[in-house]
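Visitor: any chance you can model this:
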Amino acid sequence: MRIGMILDKTFPPDPRVENESTTLIEKGHQVFLFCLKYKEEPVSEEINGIHIRRYSSNKLEYRLSALAYTIPYYSNRMAKKIINFLLENRIDIIHIHDMVIAEAVLKANKKLDLPLVLDLHENRPEIMKRYPHLQKFPGKQIISTKKWKRKEEDFIKSADKIIVVTQEAKNEIKSRIDVDDDKIQIVPNSVKRSFYSDIILDERIIYKYKDKFVILYLGDTGLRRGLLTAIEAVKFLKFNIINLKLVIVGSNTSDSILKDRVRHYGLEEYIDFEGWKEVSLFPSYIIASAIGISPLDRNIHHDTTYANKIFQYMSFSKPVLVSDATAQKKLIIKTKSGLVHKEKDVKDFTNKVLDLYSNSKLRNDLGKNGKSFIDNEFYWEKISQNLVDIYTDLSTHK
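Guide: Below is the predicted model of the structure:
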């Protein structure tokens, strides 16, 4: 089948979009990807078998995407581009990545009436409540997260299939919407086997941290990710772990707040902000580390999702330390692959790090358990079967 994936961002990178696309291509489908461009890039390109079509956008459209469900400008503009994409590529099924662009897709599809798959990467209405620009004027006054939630519910009812990343996310949707159980399928994020088997180490990273006890954080560094908890813990950990390094690989517009906190406590020698790095460098950072962390602050979104970083840590036999956000807590306890601390609890975070630091056997055992879980149960090529089944079912009924 000719699958049209709709993404309201640039591509690459987007690991979930790429993983899903290449899996479907391997099963004999053709995948065409609608995405945006803000600078000089090829309009059309093929990457790993994905037929990419980029449509020009601009800063105004980007900013107005936050108002997609306040005023119709963004959705109307995108709908025209999407109609062109669907017709030009003779699409059979539409796969929408997240809800920002969903209304535009529904408008574009009004006459074509193609089957719709809605892939909810996250609980967008809930996580928007934590966006800094929605905490102050004018965002707080003009963007209604309640309206975004109502729209999400409308889209869920309109789509033929819904994809979520955890059982907890599915349960949350079913708690507020009357929807058939088999309409919602779970396709978690995880790592491909190639992530941890086909690696080229960066020896500079390995050497840089060879004598350090590295606590590693990978990914987006927004404040809701809990890094302030980890930074505050370093105030106490530095007295017990002489060779301590908290290494933060990632970035966010709020990084100045994290760095100000580090300077305030005089922790510069213990904390490295590495900035955003290519995913190809992640294995080197993980191998150089002793512990991988995911100290998420709790909210409905974080309680119903997995941070992909925990699977990246596990795939290299590293023990993980996670907050008690529901989904990741259940996973870590079930797999016996790490320890759990109370969210935002600096003392508990500190104590759990010290438990791991002082007990190398515990670190090794937890790391081995995580590695076994990835190798045998949770690598992408295995857990993506639900995605394949969705398209097998839609192909049959088409």
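Visitor: ok, D297 to R130 distance?
Guide: 8 Å (C-beta to C-beta, to the nearest Å). Heads up, the C-betas are built off the backbone N, CA and C, glycines and all.
Visitor: shared neighbours, those two?
Guide: Any residue near both D297 and R130 by C-beta atoms under 8 Å, 6 or more residues apart in numbering counts here, and that gives L223, R224.
Visitor: higher neighbour count, the two?
Guide: Of the pair D297 and R130, D297 is the one with more neighbours under other C-beta atoms under 10 Å, namely 18 against 15.
Visitor: SS state for the more buried one?
Guide: Secondary structure state of D297, per DSSP: H, G, I helix; E, B strand; the rest coil, is coil.
Visitor: E46 sits in which helix or strand?
Guide: strand 44-47 (DSSP states H and E).
Visitor: sheet partners, orientation included, of that strand?
Guide: Partners of strand 44-47 in the sheet, by DSSP bridges, are strand 50-56 (antiparallel).
Visitor: surely Y62 and K37 touch.
Guide: No - with contact defined as C-beta atoms under 8 Å, Y62 does not reach K37; the gap is 11.5 Å.
Visitor: joint contacts of the two?
Guide: Joint contacts of Y62 and K37 (C-beta under 8 Å, 6+ apart) do not exist.
Visitor: tell me who's in contact with the nearest residue to R193 once chain neighbours are set aside.
Guide: The spatial neighbour of R193 that comes closest, neighbours along the chain excluded (C-beta to C-beta, 6 or more residues apart in numbering), is Y379 at 5.2 Å. Residues near Y379 by C-beta under 8 Å, 6+ apart: S190, V191, K192, R193, S315.
Visitor: before we move on, the earlier item: now the strand holding E46: how far from the chain's centre is it?
Guide: In terms of C-alpha atoms, centre = their mean, to the nearest Å, the gap separating the centre of strand 44-47 from the centre of its chain is 23 Å.
Visitor: cool, and stretch 78-85?
Guide: 26 Å.
Visitor: okay, buried residues for that stretch please.
Guide: For stretch 78-85, a neighbour-count test (16 or more other C-beta atoms under 10 Å) marks M78, A79, K81, I82, I83, F85 as buried.
Visitor: can you put these in TSV and add secondary structure?
Guide: Output for the buried residues of stretch 78-85, formatted as TSV (three-state DSSP):
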residue	secondary structure
M78	helix
A79	helix
K81	helix
I82	helix
I83	helix
F85	helix
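Visitor: how many residues are close by F316?
Guide: Neighbour count for F316, taken as other C-beta under 10 Å: 21.
Visitor: that one contacts F282, correct?
Guide: No - here F316 does not reach F282: they are 9.3 Å apart, not a contact under C-beta under 8 Å.
Visitor: can you check the pLDDT for I300?
Guide: For I300, the pLDDT comes out at 89.
Visitor: repeat for E122
Guide: So E122 comes in at 86 (pLDDT).
Visitor: what's near enough to touch it?
Guide: E122 neighbours (C-beta under 8 Å, 6+ apart): D98, V165, H301, T305.
Visitor: now it: how far from N376?
Guide: E122 is 27 Å from N376, by C-beta to C-beta.
Visitor: per-domain residue ranges of this structure.
Guide: Domains of the chain are assigned by automatic domain parsing as 2-190+381-397, 193-378.
Visitor: got a list of what S65 touches?
Guide: Contacts of S65 by C-beta under 8 Å, 6+ apart are D8, Y74, V100, I101.
Visitor: output the below-cut-off pLDDT ranges for the stretch 101-250 of the chain.
Guide: Filtered on pLDDT under 70, the stretch 101-250 of the chain yields the residue ranges 132-137, 139-140.
Visitor: oh, I was asking about the stretch 251-398 of the chain
Guide: Looking at the stretch 251-398 of the chain by pLDDT under 70, you get 397-398.
Visitor: regarding the residue of the chain most remote from its centre, what is its secondary structure?
Guide: Ranked by distance from the centre of the chain (C-alpha atoms, centre = their mean), the top residue is F239, with 34.1 Å. Three-state call for F239 (three-state DSSP): coil.
Visitor: list the contacts for the residue lying closest to S158 once chain neighbours are set aside?
Guide: Residue nearest to S158 in three dimensions, not counting chain neighbours: L106, with 6.3 Å by C-beta to C-beta, 6+ apart. Neighbouring residues of L106 by C-beta under 8 Å, 6+ apart: L116, F155, S158.
Visitor: report the buried members of these.
Guide: L116, F155.
Visitor: which ones among the contacts of L106 map onto helices?
Guide: Among the contacts of L106, DSSP state H puts F155, S158 in helices.
Visitor: need the contacts of L106 in JSON lines with distance to D355, can you?
Guide: Shown next, in JSON lines, are the contacts of L106 (distance: C-beta to C-beta, whole Å):
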{"residue": "L116", "distance to D355": "48"}
{"residue": "F155", "distance to D355": "44"}
{"residue": "S158", "distance to D355": "49"}
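Visitor: what helices and strands are in contact with the helix or strand hosting I390?
Guide: According to DSSP H and E, I390 maps onto helix 385-397. In terms of contacts (3 or more C-beta pairs under 8 Å, 6 or more residues apart in numbering; DSSP states H and E), helix 385-397 is packed against helix 15-26, strand 161-164, strand 184-186.
Visitor: most packed of the ones you listed?
Guide: The highest average neighbour count among those, using mean count of other C-beta atoms under 10 Å, belongs to strand 161-164 at a mean of 24.
Visitor: okay, now the sheet partners of it, with direction.
Guide: Looking at strand 161-164 with DSSP bridges, its partner strands are strand 116-119 (parallel), strand 184-186 (parallel).
Visitor: tabulate those strands (CSV), appending distance to L258.
Guide: Below are the strands paired with strand 161-164 laid out as CSV (distance: least, C-beta to C-beta, whole Å):
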stretch, distance to L258
strand 116-119, 31
strand 184-186, 33
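Visitor: which of those sits closest to S254?
Guide: S254 lies closest to strand 116-119 among those, at 26.8 Å (C-beta to C-beta).
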